[in-house]
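K.L.:
sequence below, structure please.
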Amino acid sequence: MVNDPLKKRKIAVLGSRSVGKSSLVVQFVEGHFVESYYPTIENTFTKSIKFKNIEYDCDIIDTAGQDEYSILNNKHAIGIHGYILVYSVASRVSFDMIQIIHEKILTYSGTQRIPCVVVGQKSDLVNARQVPVSEGEKLAASLGCAFLETSARTNTNVAQAFDVCLDRASLCEVVTKDYHILDSFGLEILEVALAPK
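P.N.:
Next up, the predicted model:
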């Protein structure tokens, strides 16, 4: 029996245009594959997710496609508990955008780390692949993010992407006590010294 109250979480899904962000979200939330591509302005979906015996009430923000000139707004930084950064394994350009988007989020949020999963979408497009799994893993590791490949079409690893994001977000609880702050990932403790006036 779960005694924890329903917890609210916000997950932002970002990536270049036409990489399959909306297909990923719709497959996860509604359980079906969206074949046609209609450029998304921005949609928010809601889904209750049970993860590690805790029920989470998740708002999933399906963002407009990003490019190097896109400007992130505060919806993409403030109040977001986790990020899913999506590229298409069939698009080298979309893969190269992941690092740019990641840097923009860090700059806008003013943090050094974010709870994040890098997702290589469209893994079913075997013959069109431009980005090997090993490159996705290497990029994610360099950014301090988790990594996996998905296919919204075949529903491969779709739920896992959101579970991993929730797992990363659960590690990102900021604890403050006696002027000690546990950083986002519990990797170090920073002591805040207040200078006497």
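
K.L.:
all strands for the protein, in order.
P.N.:
7-15, 42-51, 54-63, 82-88, 116-121, 146-149, 175-177, 180-182, 189-191 (DSSP state E).

K.L.:
taking the mean pLDDT, what do you get for the first one?
P.N.:
I take that to be strand 7-15. Confidence over strand 7-15 (mean pLDDT, whole number) is 91.

K.L.:
give me the nearest residue to D124, chain neighbours excluded.
P.N.:
The shortest distance from D124 to any residue other than its chain neighbours is 4.1 Å, reached at S151 (Cβ to Cβ, 6 or more residues apart in numbering). Bear in mind the C-beta positions are built from the backbone N, C-alpha and C, glycine included.

K.L.:
again but with N43, I slipped
P.N.:
If the residues on either side of it in the chain are set aside, N43 comes closest to D62, at 4.6 Å by Cβ to Cβ, 6+ apart.

K.L.:
thought that neighbour was touching V13?
P.N.:
Yes: between D62 and V13 a contact is recorded at 5.4 Å, counting by Cβ atoms under 8 Å.

K.L.:
residues that sit against both of the two, list them.
P.N.:
Between them, D62 and V13 share these contacting residues under Cβ atoms under 8 Å, 6 or more residues apart in numbering: 21, 25.

K.L.:
quick one, which of those two is more surrounded?
P.N.:
The residue with more neighbours, out of D62 and V13, is V13; 27 against 22, by other Cβ atoms under 10 Å.

K.L.:
does that one have beta-bridge partners, and which?
P.N.:
According to DSSP bridges, D62, I84 are recorded as the beta-bridge partners of V13.

K.L.:
D59 is in contact with that one, correct?
P.N.:
No: under the criterion of Cβ under 8 Å, V13 is not in contact with D59, lying 11.1 Å apart.

K.L.:
give me every residue that touches the residue nearest to N43.
P.N.:
13, 21-22, 25, 40, 42-45.

K.L.:
would you mind measuring from it to T111?
P.N.:
Here the distance between D62 and T111 works out to 23 Å (Cβ to Cβ, to the nearest Å).

K.L.:
try V86
P.N.:
Look at V86 and T111: by Cβ to Cβ, they are 21 Å apart.
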